[in-house]
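A.B. asks: Predicted model and sequence follow; I will ask about them next.
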Amino acid sequence: MSRFAIVAVALTASLSAPAAAWSSTQSAKTPSHPASRGGKTSATTSKRGTKPPETPAPADASAAPPPAAAPAPSVVPPPVTPAPVVPPPDSMTGTWLLVLAGVVAVAGALQWWGLRRMGRAVEAGLERTRDAADAAAASAAAAAKALAASERAYLVTRGWTLRPPSSGDTPEVEFVVENVGRTPARKTMVRGHVEVRDTPLPPAPKWRAVEASGGTLTIPPGGRPSSTLAADAPITREEIERLRSGAAYLSIWGRVDYEDVLGAAQSVSFAWRYDMASGSLTYDPASDAYHEAT
């Protein structure tokens, strides 16, 4: 039996004892009525409606006690985490912290200095590498140019001959274009003039315009094809007289254009004078522009 049931039974028993005692006292004080007077008394009692008091039944100790009230749920408060206890700063700890901070600062400064020095060394190395690469490229270009120069085609003009002109003839000069190089000369083309002049050639030559088709002749190394250069019109009697008197001269000038095996444009120019009195061709020193070779 639970504690609440035992308490309820004891309380009931304590209440029942006074009630029983009170009931016994009341029974003793009530007088007994004779039988002869019973009719009147009964009538009077009936008339007044008096009812004798009822004696309460004693409490049964074996009766089930009233149900006990359910206990209220207990509320458990959340655990409280105590605040960390910060010890008071120690003078020695502060000193060591300052020393550690100084060491870290010095280490950082040394690292920065080392990185800066390394960066300068890397920059210097890159500069030297660029210089070496430029020098190597220049050397390679020079070597390639030297190789091309030693192996390319070179044309020269030789064997100039001119038949003495007469009145009404078209002056023509014959010569040989020779390849003295080691590779073929391609797209070879000759352009020039044969004309009667009484003044020197201009300093800057005005070459004939190149034909749209260009040259088609290829001269192999050692090749010596013949070429002919003619005047644009027949020579007149007046021009013959001026040539014979030395008042004028017959000028032959022009240029030979070609390409080497690398596709680079090359040329060789020429300028000659024909002397009617001696019947010979001589070098015309009018300008170096008429005697260039590339």
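C.D. replies: Now that the structure is in, tell me what you want to look at.
A.B. asks: What segments of the protein are strands?
C.D. replies: 155-162, 172-179, 185-197, 217-219, 226-230, 249-259, 265-275, 280-283 (DSSP state E).
A.B. asks: Those strands: which one's closest to residue 108?
C.D. replies: Residue 108 sits nearest to strand 265-275 of all the strands of the chain, at 64.9 Å, using Cβ to Cβ. Every C-beta, even on glycine, is put in place using the N, C-alpha and C of the backbone.
A.B. asks: buried stuff in the closest one?
C.D. replies: For strand 265-275, the neighbour count (16 or more other Cβ atoms under 10 Å) marks 266, 268, 269, 270, 271, 272, 273, 274 as buried.
A.B. asks: Any idea what the second one is bridged to?
C.D. replies: Think residue 268. residue 256, residue 293 (DSSP bridges).
A.B. asks: show me the contacts for the residue lying closest to residue 173 once chain neighbours are set aside.
C.D. replies: Setting aside the residues directly before and after it, residue 173 is nearest to residue 162 in space (Cβ to Cβ, 6 or more residues apart in numbering), at 4.6 Å. The contact partners of residue 162, by Cβ atoms under 8 Å, 6 or more residues apart in numbering, come to 171, 172, 173, 174, 250, 252, 274, 281.
A.B. asks: which two in the residues you listed are spaced the farthest apart?
C.D. replies: Counting by Cβ to Cβ, the most remote pair of the contacts of residue 162 is 174 and 250, 14.3 Å apart.
A.B. asks: the more surrounded of the two?
C.D. replies: residue 250 (23 against 14; other Cβ atoms under 10 Å).
A.B. asks: The more buried one contacts residue 240, doesn't it?
C.D. replies: No. Look at residue 250 against residue 240 with Cβ atoms under 8 Å: they stay out of range, at 10.2 Å.
A.B. asks: Let me know the distance separating residue 137 from residue 143.
C.D. replies: Per Cβ to Cβ, to the nearest Å, residue 137 is found 11 Å from residue 143.
A.B. asks: got the end-to-end distance for stretch 230-242?
C.D. replies: 20 Å (Cα to Cα, to the nearest Å).
A.B. asks: Report the rounded mean pLDDT for that stretch.
C.D. replies: Average pLDDT, stretch 230-242: 92.
A.B. asks: Mind splitting this protein into its structural domains?
C.D. replies: Following automatic domain parsing, one gets these domains for the chain: 95-150, 155-290.
A.B. asks: can you pull the pLDDT of the residue nearest to residue 173?
C.D. replies: For residue 162, the model assigns a pLDDT of 90.
A.B. asks: quick one: it and residue 175, what's the gap?
C.D. replies: 9 Å.
A.B. asks: Residue 261: neighbouring residues, count only.
C.D. replies: 15.
A.B. asks: which residues touch the closest residue to it other than its chain neighbours?
C.D. replies: Excluding the flanking residues, the one nearest residue 261 by Cβ to Cβ, 6+ apart is residue 183, at 4.4 Å. Taking Cβ under 8 Å, 6+ apart as the criterion, residue 183 is in contact with 151, 152, 153, 221, 260, 261.
A.B. asks: Appreciated, that's everything.
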